[in-house]
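Student: with the input below, show me the fold.
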Amino acid sequence: MAESKDNLYLYQALELRGEYQARLDSLKALLPEQRKLQRGIWDRETNNEYKEPAAGFDPAEIREQIRRLEYKSRRLNTAIQQANFANDVLVNNEKMSIAEALEIRKAVNQELAGLQKMLERSAYRTVIYKEERNITQEPEDNFQEVYNRLEEKRMLFRELNRALRKASFTVTIQFKDEA
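Tutor: Coordinates of the predicted model:
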C-alpha cells in the first residue's frame, strides 16, 4: 500500500477500477428492468410465470448500491486521469505524460496490426498460371522494409509497456480504498 492510507499506487487503482466495474455489472444484472431486456430463448419464464424479489433481495437497495458505486467509480477514474496527466514516464529517452504514453501505445498497437497484415501480403508474390506462360505479380511492399518497420514498432510498444508498468508501481493517486 502507498505511504498514506488515503493513497493508492496506480496499479492498485486500476485493479480497483476493474473490481468496481465487475460489481456494477453484477448488481445491474439483478435489476428487474434488466431481466426483461435479457428475456429470450434461454429464459424459462413464460407468459404464465411471474418473478418477484426473493427474501433478502431488495431492488431499491441494489439501486442505491449501484448509485454509490458509480459515484466512487467516477471519483476513482478522475483520480487516475489526474495522475496520468500529472506524472511523466521516460520512453526511449523522451519524457512524456502517462496519458500521452497510453495514447501512443494505443496507436502503436493499431499500427502493429496493420503492419502484420502488410507483412503477410509482402511475403508472397502472386503467380497467375496461363496456358503458355505464367504472370508473376510482385508484392506492393518490400518484405524486408515492412519487417524492419514492424520490429521497430514492436520495440516501441515494449518500451511503452515497460515504462507504463514501472509508473504504475511508483505513481500514487489520492483515493481512499474503502471496504
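
Student: mind listing the helices for this structure?
Tutor: Using DSSP state H, the helices of the chain run over 10-30, 32-38, 59-86, 98-122, 143-168.

Student: any chance of JSON lines for those, columns distance to Glu132, mean neighbour count and mean pLDDT?
Tutor: Using the backbone N, CA and C atoms, a C-beta is placed for each residue, glycine as well. As requested, the helices of the chain are arranged in JSON lines below (distance: least, C-beta to C-beta, whole Å; neighbours: other C-beta atoms under 10 Å; pLDDT from 0 to 100):
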{"stretch": "helix 10-30", "distance to Glu132": "64", "mean neighbour count": "15", "mean pLDDT": "95"}
{"stretch": "helix 32-38", "distance to Glu132": "64", "mean neighbour count": "10", "mean pLDDT": "64"}
{"stretch": "helix 59-86", "distance to Glu132": "65", "mean neighbour count": "14", "mean pLDDT": "95"}
{"stretch": "helix 98-122", "distance to Glu132": "28", "mean neighbour count": "15", "mean pLDDT": "97"}
{"stretch": "helix 143-168", "distance to Glu132": "29", "mean neighbour count": "15", "mean pLDDT": "97"}
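
Student: how about those helices, which one is nearest Asn92?
Tutor: In terms of C-beta to C-beta, the element of these nearest to Asn92 is helix 143-168, at 5.7 Å.

Student: hmm, back to that, want to throw the helices of the chain into JSON lines with distance to Asn134?
Tutor: Converted to JSON lines, these look like this (distance: least, C-beta to C-beta, whole Å):
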{"stretch": "helix 10-30", "distance to Asn134": "56"}
{"stretch": "helix 32-38", "distance to Asn134": "58"}
{"stretch": "helix 59-86", "distance to Asn134": "56"}
{"stretch": "helix 98-122", "distance to Asn134": "20"}
{"stretch": "helix 143-168", "distance to Asn134": "20"}
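
Student: centroid-nearest residue for the chain?
Tutor: Lys106 (9.6 Å; C-alpha atoms, centre = their mean).

Student: tell me the contacts of Thr170?
Tutor: Shown in contact with Thr170 (C-beta atoms under 8 Å, 6 or more residues apart in numbering): 9-10.
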